[in-house]
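Trainee: Coordinates only, no sequence provided:
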């Protein structure tokens, strides 16, 4: 995303992450632990949306590969998040193929996807959710929408990075995330969920950036 859509927390975290990864590549085990601490929560949330209760096992497999191939990585903190998400996604898909199970997909009517709603409703809806319930709702979306929302809001990737993980064009990922978030907001509004619950699915700035309060038009370019 453009500079205006990036939260201060995200910039700070990615800077710390990039420095930790560089030290880890030089053999600093404590630095690798820092990188793990910064990346694992979002990665685990993403995997829970893909494989449910098997997320921790799949994440463990992914981290074994990440540790093994760490010397091959080239990039900054944000790039590391994308690289680890790609590895985790491959391990999740391998797991699902072994089980002969596909990520849950629901057939949504186009008119439901296009239900109108103000951005403030989207933001309040996401803030009201517990993490477990949020991931349950995200998992009920069509696969392309679920993955786009998870990568953008839970993992914290920008538009092009999420598109690279999925092997799609940024515009397609932007549309999928937008439709997914609209669907979630519509469902929560229908259920009468308020904004009294704990915050989840990333920081408020991250949610606002994804939801377009700072401009969906910049999604495909940042």
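Mentor: That came in fine, so what should we check first? Because the structure is predicted, anything quoted here is derived from the model rather than measured.

Trainee: what comes up buried for stretch 46-57?
Mentor: Within stretch 46-57, the residues that count as buried by 16 or more other C-beta atoms under 10 Å are 46, 47, 48, 49, 50, 51, 54, 55. For the C-beta atoms, the positions are set from N, CA and C on the backbone; glycine is no exception.

Trainee: same for the strand or helix carrying the fourth one, what does it pack against?
Mentor: Read that as residue 49. Following DSSP states H and E, the helix or strand that holds residue 49 is helix 29-51. Using 3 or more C-beta pairs under 8 Å, 6 or more residues apart in numbering; DSSP states H and E as the contact criterion, the secondary-structure elements in contact with helix 29-51 are helix 8-25, helix 55-69, helix 77-99, helix 131-139, helix 143-149.

Trainee: Can you say which of these is packed in most?
Mentor: Burial of the helices and strands packed on helix 29-51 is given as mean neighbour count (mean count of other C-beta atoms under 10 Å); helix 143-149 ranks first at a mean of 25.

Trainee: Which neighbouring elements make contact with that helix?
Mentor: Short answer (3+ C-beta pairs under 8 Å, 6+ apart): helix 143-149 packs on helix 29-51, helix 131-139, helix 159-166, helix 170-191.

Trainee: now for the shortest one, which elements pack on it?
Mentor: Taking 3+ C-beta pairs under 8 Å, 6+ apart as contact, the helices and strands that helix 159-166 lies on are helix 77-99, helix 143-149, helix 170-191.

Trainee: Quick check: mean pLDDT of that helix?
Mentor: Mean pLDDT, taken over the full extent of helix 159-166, equals 93.

Trainee: Ok, stretch 22-39 next?
Mentor: For stretch 22-39, the per-residue pLDDT values average out at 96.

Trainee: if we can go back for a sec, what's the closest of the helices and strands packed on helix 29-51 to residue 40?
Mentor: Taking C-beta to C-beta as the criterion, helix 55-69 is the member of the helices and strands packed on helix 29-51 that comes nearest to residue 40, at 7.0 Å.

Trainee: if we can go back for a sec, looking at the buried residues of stretch 46-57, which is nearest residue 132?
Mentor: residue 48 (8.6 Å).

Trainee: Apart from its neighbours in sequence, what residue is nearest that closest one?
Mentor: When the adjacent residues along the chain are set aside, residue 48 lies closest to residue 55, with 4.2 Å between them (C-beta to C-beta, 6 or more residues apart in numbering).

Trainee: Could you pull up the contacting residues of the one you found?
Mentor: For residue 55, the residues meeting the contact criterion (C-beta atoms under 8 Å, 6 or more residues apart in numbering) are 44, 47, 48.

Trainee: Help me confirm that the last one comes into contact with residue 134.
Mentor: So the one you mean is residue 48. No. With the criterion set as C-beta atoms under 8 Å, residue 48 and residue 134 do not qualify as a contacting pair; they are 10.0 Å apart.

Trainee: I'm done for today, thanks for sticking with me.
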